[in-house]
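> Got a sequence here, can you build the structure:
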Amino acid sequence: MTRTILIYAGVFGFLGVALGAFGAHGLEQIANEKEIANYNTGVRYHMMHTLALFGLATLASHFSSRSLRVIVVSFLLGILLFSGSLYLYALTHQSWFGAITPIGGVAFLVGWVALIVGAIQSPKDMASSSAG
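Below you'll find the predicted structure:
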């Protein structure tokens, strides 16, 4: 599962940088200030959760496979729904995409709660096993 998480982190990291570059260099020609601000929020959350996936891959052995799966799927859904809806809103000017954004936000929250629960339930002490 670690390899899969790293692949997700790599793909979503690449996409985050590419979408961020587009937002910085091409979006102002087709979007207004509010749409650009929303787009940039999408990029920020996209990259933040991509880095969280990368970190999760390094700690994967400390979580049950079920906890790990819930965290990964939640973060991926969050990126797709939260960030994706903000990207689509800025590109299409269709405000109804804003109705999808909170669903992605909830997915992010579920992922973070699953991380907390998974860490509490972990039989391994993460601090002592990573120091040695």
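> okay, CA-based contacts and neighbour counts for the rest of this
Will do.
> tell me which residues of the lengthiest helix in the chain are tucked away?
Secondary structure of the chain read by DSSP state H shows that its longest helix is helix 33-58. Along helix 33-58, these residues count as buried under the neighbour rule (16 or more other C-alpha atoms under 10 Å): 35-36, 38-40, 42-43, 45-47, 49-54, 56-57.
> Return the distance of the following helix or strand past it from the chain's centre.
Helices and strands here follow DSSP states H and E; after helix 33-58, the next one along the chain is helix 65-78. Distance of helix 65-78 from its chain centroid, counting by C-alpha atoms, centre = their mean, to the nearest Å, is 10 Å.
> tell me what helix 65-78 is packed against?
helix 33-58, helix 101-121 (3 or more C-alpha pairs under 8 Å, 6 or more residues apart in numbering; DSSP states H and E).
> how about the next helix or strand after it: buried residues?
Counting by DSSP H and E, the element after helix 65-78 in chain order, helix or strand, is helix 84-92. Within helix 84-92, the residues that count as buried by 16+ other C-alpha under 10 Å are Gly84, Ser85, Leu86, Tyr87, Leu88, Tyr89, Ala90, Leu91.
> related to what we said a few turns ago, just send the helices and strands packed on helix 65-78 back as TSV, with mean pLDDT and distance to Gly10 too.
Formatted as TSV, the entries for those read as follows, by pLDDT from 0 to 100; distance: least, C-alpha to C-alpha, whole Å:
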stretch	mean pLDDT	distance to Gly10
helix 33-58	95	8
helix 101-121	95	19
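> how about those in JSON lines, adding distance to Val70?
Output for the helices and strands packed on helix 65-78, formatted as JSON lines (distance: least, C-alpha to C-alpha, whole Å):
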{"stretch": "helix 33-58", "distance to Val70": "12"}
{"stretch": "helix 101-121", "distance to Val70": "7"}
